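**Q** Below is the sequence, then the predicted model.
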Amino acid sequence: VAYNRPGSLKRLLDSLSRAVYSLDNVSIIISIDHKENDSRSLEVVAIANSFEWKFGHKTVLLRESNLGLRKHILECGDMLLNKFESAIVLEDDLFVSPYFYEYALQSLPVFSDDTNICGISLYSPKINEYTGGGFIPLDDGFNNYFIQSASSWGQIWTRSQWRLFKDWYDNNAINGVTNKDNLPLDVSGWPESSWKKYFIKYQVETNRYFSYPRVSLSTNFSEIGTHLTVKSNFYQTSLLAGGKTWSLSTLEQSLAVYDCFYELSSLSVENLFQSNTEFDLYGTKKLSQINSKYLVSVKKCTNPIEQYANDLIPSMLNIFYSIKGEGLSYGKTSDFKDISDISPFKDFSHLGLTFVIRLVLFKFRVYLVNKLASIFRR
């Protein structure tokens, strides 16, 4: 999926050319959104047309009008999955591991027939995108885990997964995504050019999950584009550099199942607490968003049933190994207060003060640039 970033597209295509393909005929489709009288868009077209694809059939699609990112992704999904049983979707500022296609071939048989799974991610996040803090999934021995949040930085969809989403989208997109939805507030604040916020709402309303790998098969250069006004390596993640046989769990087998807030789902830990228990270890959920009778949270609890330290990483290990302390509280939801002193940078504290300061300055710079851009657009 390309627009007007010629250097980005060339880098992605180069990485695709270096990948391992065990199948004889792998089709590639380069879909280019329209931008009139733009030299960079013309360069994108030239790069796509001249690119030599040695592994199968190449198609270059030039859109006749400017679709914008959301509509572009939606049209690509419809077109690809009317033609193919499954597809890998990559935006132009991504870069793939040489083994991304082998991972796709190994993962598709595991998840294709599971209607609780709505996509397979190539990207493995190391950051909770709603807090800016680190994200380390619980290690249950398998090479994957699950989040009720869509991957937009390299994803695999089957025809049936896409059609289930599109059926929902066609009936529900008119309602938009608002802060009344039980989603992180950041999601409702994303621009209308975002397809991902609609997909996350779909996941929450239909209780479906993306499977994520523990080591990444794609990474993101976060270059200036539709949703970014400043380049950053904040979301870069380490890529798989060697071949691998994957041990992939189903949703039922996994101890690492996360909701859309990157909090462990009750599916993961149903034997630890009362069945009607929810997690808020990042402290980002409002109490009004929590429907369970019991809660485990960093928020202050006036009458905790049990308390744990918040020292081990990830935080859930403090509960698994019964490390006592006052960092996390387990109690009735009604006994918690909607105030937390948690720092969004806590999970980066082990990297040192210099890193944390750089992170704060980066977040402020992004905020300032976006604020100024919105002022000048008025």
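**A** Yep, that arrived. Residues are numbered from 1 along each chain as shown.
**Q** where along the chain do the strands fall?
**A** In chain order, the chain shows strands spanning 28-32, 58-62, 86-89, 94-96, 117-121, 144-147, 155-158, 209-213, 218-220, 257-258, 277-280, 294-297, 306-308, 328-332, with DSSP state E as the criterion.
**Q** In JSON lines: the ones you listed, plus distance to Val177 and mean neighbour count.
**A** For the C-beta atoms, the positions are set from N, CA and C on the backbone; glycine is no exception. Rendered in JSON lines, the data for the strands of the chain read as follows (distance: least, Cβ to Cβ, whole Å; neighbours: other Cβ atoms under 10 Å):
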{"stretch": "strand 28-32", "distance to Val177": "24", "mean neighbour count": "20"}
{"stretch": "strand 58-62", "distance to Val177": "28", "mean neighbour count": "14"}
{"stretch": "strand 86-89", "distance to Val177": "20", "mean neighbour count": "20"}
{"stretch": "strand 94-96", "distance to Val177": "24", "mean neighbour count": "22"}
{"stretch": "strand 117-121", "distance to Val177": "16", "mean neighbour count": "25"}
{"stretch": "strand 144-147", "distance to Val177": "18", "mean neighbour count": "25"}
{"stretch": "strand 155-158", "distance to Val177": "19", "mean neighbour count": "22"}
{"stretch": "strand 209-213", "distance to Val177": "17", "mean neighbour count": "25"}
{"stretch": "strand 218-220", "distance to Val177": "22", "mean neighbour count": "24"}
{"stretch": "strand 257-258", "distance to Val177": "20", "mean neighbour count": "24"}
{"stretch": "strand 277-280", "distance to Val177": "21", "mean neighbour count": "22"}
{"stretch": "strand 294-297", "distance to Val177": "25", "mean neighbour count": "25"}
{"stretch": "strand 306-308", "distance to Val177": "34", "mean neighbour count": "18"}
{"stretch": "strand 328-332", "distance to Val177": "30", "mean neighbour count": "20"}
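**Q** Dump those strands to TSV, plus mean pLDDT and distance to Pro137.
**A** Formatted as TSV, the entries for those read as follows, by pLDDT from 0 to 100; distance: least, Cβ to Cβ, whole Å:
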stretch	mean pLDDT	distance to Pro137
strand 28-32	97	31
strand 58-62	96	36
strand 86-89	97	22
strand 94-96	97	21
strand 117-121	98	12
strand 144-147	97	4
strand 155-158	98	18
strand 209-213	98	8
strand 218-220	96	17
strand 257-258	96	7
strand 277-280	93	13
strand 294-297	94	17
strand 306-308	96	19
strand 328-332	96	17
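**Q** and of the ones you listed, who's closest to Val20?
**A** Among those, strand 94-96 comes nearest to Val20, with 10.8 Å by Cβ to Cβ.
**Q** follow-up on the earlier one: could the strands of the chain go into CSV alongside distance to Val1?
**A** Supplementary listing: those in CSV, determined by distance: least, Cβ to Cβ, whole Å:
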stretch, distance to Val1
strand 28-32, 6
strand 58-62, 10
strand 86-89, 7
strand 94-96, 9
strand 117-121, 15
strand 144-147, 22
strand 155-158, 11
strand 209-213, 18
strand 218-220, 13
strand 257-258, 26
strand 277-280, 34
strand 294-297, 39
strand 306-308, 44
strand 328-332, 41
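**Q** The ones you listed: which one's closest to Ile174?
**A** Taking Cβ to Cβ as the criterion, Ile174 comes closest to strand 117-121 out of the strands of the chain, the separation being 20.6 Å.
**Q** Which elements pack onto the closest one?
**A** Contact partners of strand 117-121 among helices and strands, from 3 or more Cβ pairs under 8 Å, 6 or more residues apart in numbering; DSSP states H and E: helix 100-111, strand 155-158, helix 159-172, helix 196-206, strand 209-213.
**Q** Off-centre distance for the first one?
**A** Distance, stretch centre to chain centre, for helix 100-111: 18 Å (Cα atoms, centre = their mean, to the nearest Å).
**Q** For that helix, buried residues please.
**A** Within helix 100-111, the residues scored as buried using 16 or more other Cβ atoms under 10 Å are 100-104, 106-107, 110-111.
**Q** Then the fourth one?
**A** By neighbour count with 16+ other Cβ under 10 Å, helix 196-206 contains the buried residues 196-204.
**Q** Pick the one among those residues closest to Cys301.
**A** Val204 (25.8 Å).
**Q** Could you tell me how many residues sit around the nearest residue to that closest one once chain neighbours are set aside?
**A** Among residues not flanking Val204 along the chain, Cys260 sits closest, at 5.5 Å (Cβ to Cβ, 6 or more residues apart in numbering). Here the number of neighbours of Cys260 (other Cβ atoms under 10 Å) works out to 21.
**Q** for the most centrally placed residue in the chain, what are its contacts?
**A** Within the chain, the residue whose C-alpha comes closest to the C-alpha centroid is Ser151; the distance, by Cα atoms, centre = their mean, is 3.5 Å. By Cβ atoms under 8 Å, 6 or more residues apart in numbering, Ser151 lies in contact with 119, 121-123, 210, 212.
**Q** quick one on the thing from earlier: figure out which of the strands of the chain is closest to Ser249.
**A** For those, distance to Ser249 was read as Cβ to Cβ. The smallest value, 6.1 Å, belongs to strand 144-147.
**Q** Off-centre distance for that closest one?
**A** With Cα atoms, centre = their mean, you get 11 Å for strand 144-147.
**Q** For that strand, list the C-alpha coordinates in PDB.
**A** What follows is strand 144-147, C-alpha atoms only, in PDB (Å, rounded to 0.1, in the frame of the first residue of the first chain):
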ATOM      1  CA  ASN A 144       2.800 -16.100  20.000                       C
ATOM      2  CA  TYR A 145       0.200 -14.300  22.100                       C
ATOM      3  CA  PHE A 146      -3.100 -12.500  21.500                       C
ATOM      4  CA  ILE A 147      -4.400  -8.900  21.700                       C
END
